[in-house]
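>>> Sequence isn't available, so here's the structure alone:
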């Protein structure tokens, strides 16, 4: 199946062929790159630099913003060699692992400097099926001007956040800001809710839905406590409409100046501080709160990785491209020129990188150290089903249609049925 044929099926793939002058290249490698923001330009620049350095030829496939996983699955199930290097979401290694090569022999010790959680997430059945490329983790945004105005410390626990949000929200409303809310987050029933809720659960020591061995662990007191807590926010410090919020809806409220705290991804930083933002210069970032004094800070792992299709006719050259793009030098370039968060711990200590990432470099680093991977490695091809069941159960609690303990028990039974005795 060719990409031209796939495009005729309405999958909307845009092919961009980047040809290099001169002869003598060893191989032609095709890489898929996201078209979101300046992702495509940054990816293209890196790929072209590799081609120039190695004498190879590179082609770039610009991927659609949605439907990438389905497209990859179609290509791989057909044994297509049309794409050699795949840019994959952090939750896809387990889903696509059987069609990706083991990069261990190419990586050597190159993963030693990466945040361990990324390497673990990309290792399926003892095989390194992807290399970490750029990082992401859930963070807490807050209005530093309002916390200072009301003498409130940055909350370290969810209980403290709830109290601070209520105090400032009520005071601002009394002062005439009728639209002010204490806390906005992602409450729509989709993958974003899986991320938020897993952070609540993990912060209360409730586990990661399914543990590394494949055992379903969701039915525990920590999970119930976390969901009851979040249910208590709806209609008090969070609007009822939060149940329809994704990242952008939450950002819209916060950036308009109508919220004190926000859970989101680091991408919102530059937007909140853009020239036309009402909250420019008034925002700060901190680690997400703990679930009480006995809890832990927990941020769900996001980000993207690079993998090589096992159907590639140029696997060695493709792996070479992956190693180049994920190298410290290239990740540093991307951090400085594009503001991308590196997966390499040491880069967060370099001043030029810190200057590029901005004043949240330390908070982002702390969040990545405490990052929690969604259970995609353990659940493999059934991760999407697991995530859908989890977010649905959480949403039922948040919307008030089901008691937390009942919803968690029902979820546990469904996931055990999916797992076939832990055999995902």
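Looks like it came in fine. For clarity, every value in this text was computed on a predicted model and none was experimentally measured.
>>> Please count neighbours and contacts with C-alpha atoms only from this point.
Fine.
>>> Tell me where this protein has strands.
Ranges of strands in the chain, per DSSP state E, are 14-16, 28-34, 57-63, 85-89, 123-124, 127-128, 131-137, 139-143, 181-184, 259-264, 283-286, 299-308, 371-372.
>>> hang on, residue 103 packs against residue 124?
No. Residue 103 lies out of contact with residue 124 (Cα atoms under 8 Å); the separation is 11.4 Å.
>>> so what sits against both of the two?
Counting by Cα atoms under 8 Å, 6 or more residues apart in numbering, residue 103 and residue 124 have no common neighbour.
>>> Out of the strands of the chain, flag the one nearest residue 395.
Evaluated over the strands of the chain, closeness to residue 395 peaks at strand 181-184, with 15.4 Å, by Cα to Cα.
>>> Kindly state the pLDDT recorded for residue 424?
Looking at residue 424, its pLDDT stands at 88.
>>> and it, what does it touch?
Counted by Cα under 8 Å, 6+ apart, residue 424 has contacts 214, 378-382, 418.
>>> Now with 10 Å, please.
Residue 424 makes contacts with 213-215, 377-383, 416, 418, as judged by Cα atoms under 10 Å, 6 or more residues apart in numbering.
>>> now for these, which pair is the farthest apart?
377 and 416 (16.6 Å).
>>> Quick check on those two: which one has the bigger neighbour count.
Neighbours per residue (other Cα atoms under 10 Å) separate residue 377 from residue 416, with residue 377 holding more: 29 against 18.
>>> Isn't the more buried one up against residue 122?
Yes. Counting by Cα atoms under 10 Å, residue 377 does reach residue 122; the two are 7.6 Å apart.
>>> Mutual contacts of these two, please.
With Cα under 10 Å, 6+ apart, residue 377 and residue 122 have common neighbours 90-94, 97.
>>> Please produce CSV containing these, extended by distance to residue 399.
Below are the shared contacts of residue 377 and residue 122 laid out as CSV (distance: Cα to Cα, whole Å):
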residue, distance to residue 399
90, 29
91, 27
92, 29
93, 32
94, 31
97, 36
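>>> Mark which of the residues you listed are part of helices, please.
Counted as lying in helices by DSSP state H, out of the shared contacts of residue 377 and residue 122, are 93-94.
>>> Export the shared contacts of residue 377 and residue 122 to JSON lines and append columns for pLDDT.
Listed next are the shared contacts of residue 377 and residue 122 as JSON lines, based on pLDDT from 0 to 100:
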{"residue": "90", "pLDDT": "93"}
{"residue": "91", "pLDDT": "93"}
{"residue": "92", "pLDDT": "95"}
{"residue": "93", "pLDDT": "94"}
{"residue": "94", "pLDDT": "91"}
{"residue": "97", "pLDDT": "95"}
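>>> Can you tell me which of the strands of the chain is most buried?
strand 181-184 (a mean of 28; mean count of other Cα atoms under 10 Å).
>>> Can you list the strands that that one pairs with?
Using DSSP bridges, strand 181-184 pairs in its sheet with strand 259-264 (parallel).
>>> now the strand it pairs with against strand 131-137, angle please.
160 degrees (axes from the mean of the first three to the mean of the last three Cα atoms, to 10 degrees).
>>> i'd like the first residue to be 136 from this point on
Renumbered: residue one is now 136, and that last one reads strand 394-399.
>>> and strand 394-399, average pLDDT?
97.
>>> now it, how far from the chain's geometric center?
On the basis of Cα atoms, centre = their mean, to the nearest Å, strand 394-399 sits 17 Å off its chain's mean C-alpha point.
>>> what's the answer for stretch 359-379, then?
Distance of stretch 359-379 from its chain centroid, counting by Cα atoms, centre = their mean, is 22 Å.
>>> what's the first-to-last distance across it?
22 Å (Cα to Cα, to the nearest Å).
>>> got it, and stretch 466-482?
With Cα to Cα applied, stretch 466-482 spans 9 Å between its terminal residues.
>>> again with stretch 197-206
End to end - Cα to Cα - stretch 197-206 spans 12 Å.
>>> What of stretch 179-199?
Using Cα to Cα, one end of stretch 179-199 lies 16 Å from the other.
>>> okay, now residue 348: neighbour count?
Around residue 348 sit 12 other residues, with neighbours defined as other Cα under 10 Å.
>>> What's the separation between the residue lying closest to it once chain neighbours are set aside and residue 559?
Leaving aside its sequence neighbours, residue 348 sits nearest to residue 513 (Cα to Cα, 6 or more residues apart in numbering; 6.6 Å). Distance, residue 513 to residue 559, by Cα to Cα: 7 Å.
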